Each structure stands twice: as structure tokens, then as C-alpha cells.
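# no sequence for this one, just the structure:
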Ligand SMILES: [Zn+2]
């Protein structure tokens, strides 16, 4: 998800929010010892030495999902969260669970909710991304930092006011937003731009003593610098924001056509477990659901354009019932607008 876009969306829609931060508690046993819990995420063991760290929707500053992979001879972390505070817990857990320091971090795309924790791993680890993801962080970090410094505290207060009268799904969504803004506001004093120091444009295979890890730059899907991490020995794939499970995705920095192609290609790997960028660990159905979401919205918008509809009417299209439970529903209209503008620009270019 693109983090500072949430703020823009709030401004655009006057969405108000509020508070109730619940903290998740969990324990992981490792032999006789007990791993201290993190309030930011829940660790899920997916295979021996492979963990998904799933953002806690009811409190916590992780915001996105991360991964810890024990290669045997080295420890790797994927997408080290939005806030340094959550990333510090992740680093602790990675060392505890694998018995080795983290020497490699992957930024599977450049959005700040997946890269804000980079600084916690440097020095000590190399950070790898695609060239475009690195460029994205380089270009957007300072602007986003300033925007957040100027408006995040005020947005947080607005959200907290709204939360006081919210209930049901609205309350869940506002709580998510509140956590994001709390994370932003509390991270600002220590946040430092920390760019990937290695970029890759082609498939990278790391042959660890325990397992093989395949990093695949996939081109433009959710952003123009996406990568996935595939563990062929374990049948597990980390998709970052190419897959949102139970959440509305964010289309604004990507290309929905090539996104679908990427998802269809990846599904041919037939992974048993899929870790999305947001939402719970799932299976290949979460990849199919993403394809369905993009295709459904694209068809809706194309039909409206064919009947001569304008942008405002397109943005009022009712949410298809099958996506009723998806969280962060504010992105639905943003995604409709993105598709409308994309299709109409392409149409006018064809005429020129
Ligand atoms: Zn993203």
C-alpha cells in the first residue's frame, strides 16, 4: 500500500477516524524458552525456518507483512515494515529464531509502509531492491516525510475523533488508519532515509545450506519495481503488495494489465502458501482473488465508459457484493478513478 496516499485519500473524502488500540499478544515457544511477543505483528511459522510476520490489525505499527527466512548459513528479512519500532522487534525475532544476525534485507517494492524499517538493519545487512524501487524511495522519501510532519498529527486527531462514534466495519477501518497515523507520528523523530545498496533487474537465486531462495523481479504490477520471493523447496511465495488478502489493493502506482499478467504467471508456480503484502497468510486462491478484483473493477469501468459515463458517476459505482468484507474500502473509489483516467487517456491517445 502506498502510505502517504492514505492521507491524500482522507483529505479527498473527508474520511474521519478514531481510536481504540488493541494490542495483540502471542507467545512462541522454541524449546524451553519463550519468545517475547511483539504488539506490532503476529509471527506465523510456515515451514522450519520460514516465518511470516503478519501485521496486527488491532493495534501495532507494522502496517505491512514481513518475512524471516533461515537459509542455514544466513538470515534474510523481507519487507521490514513501516516503523523502525516494529522493525526492531522483527530483527530481534529473526536473530532469536535463526541464531544468526540478519545480513540481507529485501524491499520487494518501494512503498514506505514496506521500507520504513530499513534503517534498523543497517549497518550489518545489505538491502536489495529493483532499481525502480530504489529510485522511488530516493525520490519520495523527503516529500513524504515533510507531508507527514505537516499533516499527520492533525489527521491522527481527526481519526481519533471519528473513532469515538464509529462502530462495526467503520470502526475496524478507522482503527487501522489510526494505527498507521500513530506509527507515522511516532516514527518521524527517528526516521532516516535508508536506501537499498544493491539493485537487481534479473532473477537472483541464493543457494543457502538449508534451502534455495529465488528472487524474481516481475516488472510493473502494484508498482514499477515489484519483486517476489519464492522458496521452491517449501512451496511458499512472498508476494508483497502484488496480493492483498481481504483488503482493497492500491492501484495508483501500478499497471493493472501487467499486474494481471504477473499474477497469472506466478500462479503457474502453484505455491502451496502465499504471503500477501497485507492480510493473512493464504493459498493460491488469494492470487486468483486479486485477478478477479482487478478484472471486475476494470470491466465495471469499461462498461460505464462505453455508455458515456463521466468520472464522477464511475466513482459512485456500488461496490460489488463479493468485496463487501474487504478492508480499507476507501481505496475502492480511488481504484475506480484510476481505471477511468487510465482508460480514457488510452482512448484519447488512440484517437491522436
Ligand atoms: Zn504498496
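Looks like it came in fine. Note that the structure is a prediction, hence the values are computed from the model and not measured.
# does the residue positioned nearest the centre of the chain count as helix, strand or coil?
The geometric centre of the chain, computed from its C-alpha atoms, lies nearest to residue 277 (CA atoms, centre = their mean), at 3.8 Å. Taken by DSSP: H, G, I helix; E, B strand; the rest coil, the conformation at residue 277 corresponds to strand.
# going forward can the numbers begin at 15, since that is how I track them
In the new count, where the first residue is 15, that last one comes out as residue 291.
# Let me know whether it touches residue 257 as I believe.
Yes: the pair residue 291 / residue 257 is scored as a contact, 6.5 Å apart, by CB atoms under 8 Å. Every residue, glycine included, has its C-beta placed from N, CA and C.
# one step back: what sits against the residue nearest to the centre of the chain?
By CB atoms under 8 Å, 6 or more residues apart in numbering, residue 291 lies in contact with 15, 78-79, 93, 122, 128, 236, 253-258.
# ok, so what distance separates it from residue 233?
According to CB to CB, to the nearest Å, residue 291 stands 17 Å off from residue 233.
# near the ion, which residues of the stretch 65-214 of the chain show up?
By CB under 5 Å from the ion, the residues of the stretch 65-214 of the chain that approach the ion are residue 125.
# circling back to that earlier point, what secondary structure does the closest residue to the residue nearest to the centre of the chain other than its chain neighbours sit in?
Nearest residue to residue 291, sequence neighbours excluded (CB to CB, 6 or more residues apart in numbering): residue 255, at 3.6 Å. The three-state assignment at residue 255 reads strand, by three-state DSSP.
# need the contact list for residue 255.
Neighbouring residues of residue 255 by CB under 8 Å, 6+ apart: 15, 78, 122-123, 125, 128, 236-237, 240, 263-264, 290-292.
# ok, so of those residues, who is nearest the ion?
residue 125 (3.5 Å; CB to the ion).
# so that closest one sits right up against residue 239, yeah?
No: the pair residue 125 and residue 239 does not pass the contact test of CB under 8 Å, sitting 9.9 Å apart.
# Neighbours of residue 209, how many?
By other CB atoms under 10 Å, 18 other residues sit near residue 209.
# That one: what's it in contact with?
132, 141, 148, 151, 152.
# which among the residues you listed end up buried?
Buried members of the contacts of residue 209, counted by 16 or more other CB atoms under 10 Å: 132, 141, 148, 151.
# Can you pick out the most distant pair from those residues?
The most widely separated members of the buried ones among the contacts of residue 209, counting by CB to CB, are 132 and 148 (10.9 Å).
# which residues are common contacts for those two?
By CB under 8 Å, 6+ apart, residue 132 and residue 148 have these common neighbours: 121, 209, 210.
# Is it possible to get TSV of those residues that adds pLDDT?
Below are the shared contacts of residue 132 and residue 148 laid out as TSV (pLDDT from 0 to 100):
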residue	pLDDT
121	98
209	98
210	98
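# Show me which of those is closest to residue 297.
Among those, and counting by CB to CB, the member closest to residue 297 is residue 121, at 24.9 Å.
# Not counting residues beside it along the chain, what's closest to the closest one?
Nearest one to residue 121, counting by CB to CB, 6+ apart, is residue 143 at 4.1 Å.
# how much space between that neighbour and the ion?
Per CB to the ion, to the nearest Å, residue 143 is found 13 Å from the ion.
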